[in-house]
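Enquirer: with the sequence up front, the predicted model follows.
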Amino acid sequence: MKIELIEKIEGEAFLDVSCRQGKVRDAYVRFPHYRGIEKILVGRDPLDALVINPRVCGICGHAHLQATVRTLEKLAGFEPNEKVKKIREITRFCEMVQNHIKWFYLVVFDRLGLTYDFRTVHVMIQKINMLAAIFSGQWPHSSYALPGGVTCDPSQLEILQAKRLVQSVREHFVLLVGAFDIKNLSKDLKRLYDRLEERDLLYTGKSLDRFITFGSDSYVQSSKILHGKVRPAKLHNIREFGQEKSHAKGVTYKGKFYETGPLARTMLRGDLFVKQLHRRYKDSITTRIFARIYEVGTLLKKIDEHLRTIDISEPSYTPLEIPDGETMSAIEAARGSLIHKVCIEKGKIAEYVIITPTQWNLSNAKNGESSIIKKALIGAQCEATDIIFRSFDICSVCTTH
Amino acid sequence: MRPKVIWLQGVTCNGNSHSFVNLPDIEDCLRRYDWLYHPVLPSSCTLDELSDKECDILVLEGGLKPGWRKGEFDLEKLFLRLAKRAKKVVAVGSCAVYGGVFREYDENITGVLFSGAQKTKHYKSLAQKTVNIPGCPAHPEWIAFALDAERVKLDTYNRPKELYAYTVHSGCMRNEYFEWKVDAEQFGTKEGCLYYRQGCQGPFTHGSCNKILWNETASKTRVGTPCFGCTEPDFPKRDLFATKTYMGIPATMPLGVPKRAYLTITGIAKSFHIPRLHKRLFDED
Amino acid sequence: MARISKEERKRQIMDTALRLFSKEGFFEVTIADIAKEMKMSAGNIYNYFSSKDALAKELILYISKYLGNQIRQINMQPLSAKEKIKQIVELYFKTAKERPELIEYFLRIYLSNREVFKDGCEGMICVSPFVTEIMIFFEEGVRSGELRDQDFFSAFGLFMGYLGGMVFLMGEGMLPNDIEFYTDEIAENIYRALKNET
Ligand code: SF4
Ligand code: SF4
């Protein structure tokens, strides 16, 4: 058996693989660290979670903030107005975009030995984060969204600045990756495709072909795909379980493992480009990697749409009392569905549970059910484990909150 | 020869690594140093290869915790070995400086020189060469400053005075409201100061958040979020979205201001009703 | 006659004015009356105060500082809130007895004729030295856990309204006993109303 340390994945993880004749026979994922975020929250005022929870993760803190807000609002039975929804989506989509761009170049291109235009990539990251900060004050680690709304009160000036930024990022993006036209790939998409082909990786990393998404917003609706059929997904069917030698918990839906993330979202949305890839390569790393970068374009368009249609005269905030009680809700983060569960007693947090996207994708197999990562690895070339693993865009810090 | 840099992570959320990536002239910064290891940016080594490496500048992000593994290594041992040889140690972010948010879970998690506000056992040997850049996360410009600057004046927590002698309150767009004691009635407005009700810690938090803006464009208070005091050893305090008061008087005074002086001035300021400050900024007259 | 400083002379004028106001009523007394009482010319008084209103404002500031300074002495001592309440009540009643014109001016003139004080004495401006010390007393009492946290004005009104009411009764000659007779009980009542129950 060989133990691989997988680093630079927002923390680290160990992958225990046994190989026979160059092929993976068995695999087990271990996350070595634990930081106790859920424990830190106990006994605190519910609003403190808006500051503590983003610290789960430096690259998707915004999703943790919004999962917290949404869970507390659900408890209060509150539905924010259109303006608040749009602002929150804008900043969350910005976070997803910066994540995907970083991952695509700094991880995937880097690992596959492909060069890239670092300057343009960096300009895109910087600008998209600046766009978020116009509303959220800063990225990373903002706490600008709270139950009842957002703290910012943008004027037309900020909206215009934001529009210019998204425009510029969209232009850079198209120049770098080319069009998402399956028959006519060009630029970086083409270079990536060719490299996967050269290395015989196009069909590698196929998994269970089951997808799930719990978050619902203007981009995607909560649902799952099992045996090619789309059905609603219900939060109460989720179960967590402890895993040996690892600080990450595994997670199932009705006892089965599902993949979450951009591939799941684009499949559920029925995005043509991804469906076409899927027809040919199924849920291999090819489809998974392309789905993630494809999502960038859609999200940028969404941001632009919101900026065009937002009515800034609506109030940013409605005072809201958080009642005692228990509930859970989900939001879409860069890596997939992020679930927060809270129990409030006498105005203080009594219990808090966080289930991260990486937990879905990296659960180890259980009770004879193969898991997403295991299925993706088994039978693959042993040298391909690293890229298969990374095709899920692992977040170790999130997973071992 | 370009100075060698290793950016090591302890108990962290990676927020400082990602914050640093926002630095506008990051390319230049990548060129000026020989980056042996960075968790996100291009760098030449893997973790395993650090076993026999040395560096001129050692950056630590995240707290130190006894027994914490870093790949094959013990984090603290690896850190100390590298720190001993380094010319400069930069503790980036409040976790590396004081232990930070995760210390709330485990008191054994400490910063390099401080454990909360107390000195650690490494203080004696490392205080001379360590520059502390607290913040949750630290601002990219602050980090770049710590890498580049020589002979910096430090305060008692080893924070560069050039960055931390300011309070977050200096430069906040809501200063006028503070002066005339006009509080924001609720969240979500451009108007009003957040010190009296919403818990803003800007007047007693060291940092240049409103001088060197975040993402070149904003800050917490500029988008109506209270400052949470993340550069200080007691971050995160409790009840962060409300001002702690005693009989309506804020429990923590602006930095260095005696309570008597504060109450005298504010009592008087509040006696004048300045109509402009009580209206919405963009209202029609 | 020994030469006296301008400051001292100013104080003499204020003391005289306070006495006359409390005896004859604020609106009855003119600058000329004060001048006559002091054996000065009215013109000379105008060297000190540009108008009767200006004098009125200086007076309230003077009283506020006078009381403020004494409460400050109490605040600076390492006493419990309970003991401080007693000392403040004592101070207030003693002043009401020994220098009734001070308290009367505050209660009958300053609080009842706000229009006289509207320019330059708005809100807390002229009573700030006094109110600031009361705020500090409350703040420290709550911080130490001895007093219950509440809105400043609900506590302030209870404290000052009570004392003012007693002095009013005294002024009307309605108290069967000397006002200092009531000090202990009143201090106890105030303390019980303000203290932290838990
Ligand atoms: S909001 Fe905070 S930083 Fe801004 S003026 Fe008020 S107290 Fe100062
Ligand atoms: S504004 Fe305050 S809480 Fe925010 S980053 Fe600056 S110091 Fe930290």
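Expert: Great, that's in hand. Ligands and ions are numbered 1, 2, ... in the order given.
Enquirer: and residue A:121, how close does it get to chain C?
Expert: 53 Å (CB to the nearest CB, to the nearest Å). Every C-beta, even on glycine, is put in place using the N, C-alpha and C of the backbone.
Enquirer: how many residues are close by whichever residue of chain A sits closest to ligand 1?
Expert: Using CB to the nearest ligand atom, the closest approach of chain A to ligand 1 is made by residue A:151 at 10.8 Å. Residues near residue A:151, counting by other CB atoms under 10 Å in any protein chain shown, number 28.
Enquirer: do the same with residue C:118
Expert: 10.
Enquirer: same deal with residue B:65?
Expert: 20.
Enquirer: which residues does it contact?
Expert: Going by CB atoms under 8 Å, 6 or more residues apart in numbering or on different chains, residue B:65 touches B:10-11, B:75-76, B:106, B:108-110.
Enquirer: quick check: pLDDT value at the closest residue to it other than its chain neighbours.
Expert: Excluding its sequence neighbours, the residue lying closest to residue B:65 (CB to CB, 6 or more residues apart in numbering or on different chains) is residue B:109, at 4.7 Å. We have a pLDDT of 97 for residue B:109.
Enquirer: quick one: buried residues of the longest helix that chain B contains?
Expert: Longest helix in chain B by number of residues (criterion: DSSP state H): helix B:259-271. Using 16 or more other CB atoms under 10 Å in any protein chain shown as the test for burial, helix B:259-271 gives B:260, B:262-264, B:266-271.
Enquirer: list the buried residues in the next helix-or-strand element following it.
Expert: The first helix or strand that comes after helix B:259-271 along the chain, using DSSP states H and E, is helix B:275-278. Of all the residues in helix B:275-278, those buried under the rule 16+ other CB under 10 Å are residue B:277.
Enquirer: list the contacts of helix B:275-278.
Expert: By CB under 8 Å, 6+ apart, the surrounding residues in contact with helix B:275-278 are B:176-177, B:180, B:182, B:191.
Enquirer: near ligand 1, anything from it?
Expert: No - using CB under 6 Å from any ligand atom, helix B:275-278 stays clear of ligand 1, coming no nearer than 12.2 Å.
Enquirer: who does the longest helix of chain B touch, helix- and strand-wise?
Expert: helix C:128-143 (3 or more CB pairs under 8 Å, 6 or more residues apart in numbering or on different chains; DSSP states H and E).
Enquirer: quick one, what contacts residue B:266?
Expert: Residue B:266 is in contact with residue B:181, counting by CB under 8 Å, 6+ apart.
Enquirer: got any ranges where chain C has weak pLDDT?
Expert: For chain C, residues meeting the criterion pLDDT under 70 lie at C:1-2.
Enquirer: in it, what residue is nearest ligand 2?
Expert: Closest to ligand 2 within chain C is residue C:143: 24.2 Å, counting by CB to the nearest ligand atom.
Enquirer: before we move on, the earlier item: closest to ligand 2 out of the contacts of helix B:275-278?
Expert: Minimum distance to ligand 2 across those is 16.8 Å, recorded for residue B:177 (CB to the nearest ligand atom).
Enquirer: give me the element that closest one is part of.
Expert: Residue B:177 belongs to helix B:175-179, assigned by DSSP H and E.
Enquirer: please point out which parts of that helix sit buried.
Expert: B:177-178.
Enquirer: from the buried residues of helix B:259-271, pick the one nearest ligand 2.
Expert: Ligand 2 lies nearest to residue B:262 out of the buried residues of helix B:259-271, by CB to the nearest ligand atom, at 20.4 Å.
Enquirer: could I get the contacts of helix B:275-278 as JSON lines with distance to chain C and pLDDT?
Expert: Below are these laid out as JSON lines (distance: CB to the nearest CB, whole Å; pLDDT from 0 to 100):
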{"residue": "B:176", "distance to chain C": "19", "pLDDT": "96"}
{"residue": "B:177", "distance to chain C": "17", "pLDDT": "97"}
{"residue": "B:180", "distance to chain C": "12", "pLDDT": "95"}
{"residue": "B:182", "distance to chain C": "14", "pLDDT": "96"}
{"residue": "B:191", "distance to chain C": "21", "pLDDT": "97"}
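Enquirer: partner strands of the helix or strand of chain B with the lowest mean pLDDT, with direction?
Expert: For chain B, counting by mean pLDDT, DSSP states H and E, strand B:69-70 ranks last in confidence among helices and strands (a mean of 86). Using DSSP bridges, strand B:69-70 pairs in its sheet with strand B:73-74 (antiparallel).
Enquirer: how far away is the residue nearest to residue B:65 from residue A:36?
Expert: Applying CB to CB, to the nearest Å, the value for residue B:109 to residue A:36 is 9 Å.
Enquirer: looking at those two, which is more packed in?
Expert: Legend: neighbour count by other CB under 10 Å for residue B:109 and residue A:36, higher for residue B:109 (25 against 17).
Enquirer: contacts only, for the more buried one.
Expert: B:11, B:63-65, B:95, B:99-100, B:102-103.
Enquirer: go again using 6 Å as the cut-off
Expert: Counting by CB atoms under 6 Å, 6 or more residues apart in numbering or on different chains, residue B:109 makes contact with B:11, B:63, B:65, B:99, B:102-103.
Enquirer: which of the residues you listed fall within helices?
Expert: Using DSSP H, no member of those sits in helices.
Enquirer: just send the buried residues of helix B:259-271 back as TSV, with distance to residue B:85 and pLDDT too.
Expert: Below are these laid out as TSV (distance: CB to CB, whole Å; pLDDT from 0 to 100):
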residue	distance to residue B:85	pLDDT
B:260	52	94
B:262	49	95
B:263	53	94
B:264	55	92
B:266	53	91
B:267	58	88
B:268	58	89
B:269	55	91
B:270	58	88
B:271	62	87
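Enquirer: which one of those is nearest chain C?
Expert: Taking CB to the nearest CB as the measure, residue B:271 is the one of the buried residues of helix B:259-271 closest to chain C, at 2.6 Å.
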